[in-house]
Every structure is written in structure tokens, then in C-alpha cells.
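Asker: Sequence and predicted structure, then a few things I'm wondering about:
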Amino acid sequence: MKDVIDGGDLYKKTTPQELERFQNFVKCCPPFDIVIDGLNVAKTFPKARESQVLLDVVSQLAKQNLELLVLGRKHMLTQHSRWRKDEMKMVQKQASCFFADNISEDDPFLLYATLHSGNHCKFITKDLMRDHKACLHNAKTQHLFFKWQRGHQLAILNRLPGSKIIFQNIPSYDTVVQTTGDSWHIPYDDDMVERYSYEVPTKWLCLHRKT
């Protein structure tokens, strides 16, 4: 966990004092069901006001009685055309919130809170986490992190009229070659298909041995 969070240089992402403050904050909260990268999520739809997008996401998830954590930066609490104080107060009423210094990175806090909350906890961000994966020093550990990421990262696909948020579902199966006796199931992409690292192939080649 230490390699993923600070990458050997904590000061590039936060300070020891802020990280300790966050760790104490997490310990005082019940395990979270979903951890939200507030700034990342708020910028999902550039034409919409950022605080409104974040409020729409939090409100929809809160209706499911989920334990939520919103991670953000302190500037999000300052009245601005993109950040309304009344909307941020409504976010804070529906979720636990931690606002880091403006120069800090959100990712270490997001990973720490998600891992600390247990295997059921998911996180929402469009960040690919490449920097954190690169901090892991061997291919096996990188593969484990990537597999964990695929199984825990939620992405926002769309925002419909009425502020309904559509999320990308996390598959309940692992997208690796699978075999059942004389059959093989191989996930694949069409040529030139581009997808995020947390997305998985949606097509399968099914082979069956002739008898």
C-alpha cells in the first residue's frame, strides 16, 4: 500500500501531517461503500456546473443508503461560478467529506480509503492510476493492482435529463481466457478499439473442440 500511495516521495502528493490527519479521519468513520474523487467526477461534463454534477452523483448514490466518502480540495468550498456553496453543503449532508490542500493530489487518499474500507468498497474516478501502477516494482504486483482496479473502479457514462447518472457496471467475472473441459472462451477487442485501463473487452471468442 505504501508504494501505491506515496511512490517513495510523499511530498510530491501530500504532507505527512495531512496524510496522518486523513488516516485519523478514516479510522473514525464506518467502512465506506463508495469513495468519490470529487474534483474528477465534477469535471465529467464540462458544460455543467461542477458542484451540480457532484451533487447529482452523491444524491443518486445516497438514495441507495450507501456509506459515501467524497474527496476534494479546499478551493471547492469557495463560492465561484463553477462551485456553489449551497450545493456543496448539500453534498456534505449526504456524504462524509475530506478536503485536502489545493496543492495535494487526491489519488493517495482515494486508494487508501478504498483499500481500508474492505473488498466491497468501490471508487469513482476516470483517472487511469498509471502513476501508482508504475510505483509498483514488479510485474506480478502491477498485474494484481490492475486486476483490483478493474474490479473496484466505477466510471460515469452519461448524465440524462433530470440529472440521472448512468454508471458503467463492473463485471462479476474476470476477463481472462477461461476453459471448461473442451471449450475455451477468449476475450478480445476489435482492431483499433480504444478503451480505458479499467474497462474490459466486451467481446468473446468461444472455441469448442470437435469430437
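Answerer: That came in fine, so what should we check first?

Asker: and Gln79, how many neighbours does it have?
Answerer: Neighbour count for Gln79, taken as other CB atoms under 10 Å: 10. From N, CA and C alone the C-beta is placed, and that goes for glycine too.

Asker: err, Lys140, not the other one
Answerer: Close neighbours of Lys140, defined as other CB under 10 Å, add up to 8.

Asker: next structured bit after the longest strand anywhere in the chain?
Answerer: Criterion DSSP state E: the longest strand present in the chain is strand 153-160. The C-terminal neighbour of strand 153-160 among helices and strands, as given by DSSP states H and E, is strand 164-168.

Asker: these two touch, right, Tyr188 and Thr202?
Answerer: No. Between Tyr188 and Thr202 there is no contact under CB atoms under 8 Å: 9.6 Å.

Asker: quick one, what contacts Cys121?
Answerer: The neighbourhood of Cys121, defined by CB atoms under 8 Å, 6 or more residues apart in numbering, consists of 31-35, 113-115, 152.

Asker: show me where the chain has helices.
Answerer: Applying DSSP state H to the chain gives helices spanning 2-6, 16-27, 38-42, 50-62, 85-94, 107-117, 130-134, 139-152.

Asker: and among those, the most buried is which?
Answerer: Most buried of these by mean neighbour count (mean count of other CB atoms under 10 Å) is helix 38-42; its value is a mean of 24.

Asker: Counting by contacts, list what it packs against.
Answerer: In terms of contacts (3 or more CB pairs under 8 Å, 6 or more residues apart in numbering; DSSP states H and E), helix 38-42 is packed against helix 50-62, strand 68-73.

Asker: Other residues contacting it?
Answerer: Contacts of helix 38-42 (CB under 8 Å, 6+ apart): 50-51, 53-54, 57, 70-73, 76, 91, 97, 106, 124-127, 156.

Asker: before we move on, the earlier item: tilt between the longest strand of the chain and strand 164-168?
Answerer: Inter-element angle recorded for strand 153-160 and strand 164-168: 140 degrees (by axes from the mean of the first three to the mean of the last three CA atoms, to 10 degrees).

Asker: And the average pLDDT for strand 153-160 is what?
Answerer: Mean pLDDT, strand 153-160: 89.

Asker: what do you get for stretch 184-202?
Answerer: pLDDT averaged over stretch 184-202 gives 68.

Asker: For that stretch, measure first residue to last.
Answerer: End-to-end distance for stretch 184-202: 16 Å, by CA to CA, to the nearest Å.

Asker: before we move on, what about stretch 35-49?
Answerer: Taking CA to CA as the measure, stretch 35-49 stretches 21 Å from start to finish.

Asker: and it, how far from the chain's centre?
Answerer: In this view, stretch 35-49 has its centroid 12 Å away from the chain centroid, taken as CA atoms, centre = their mean, to the nearest Å.
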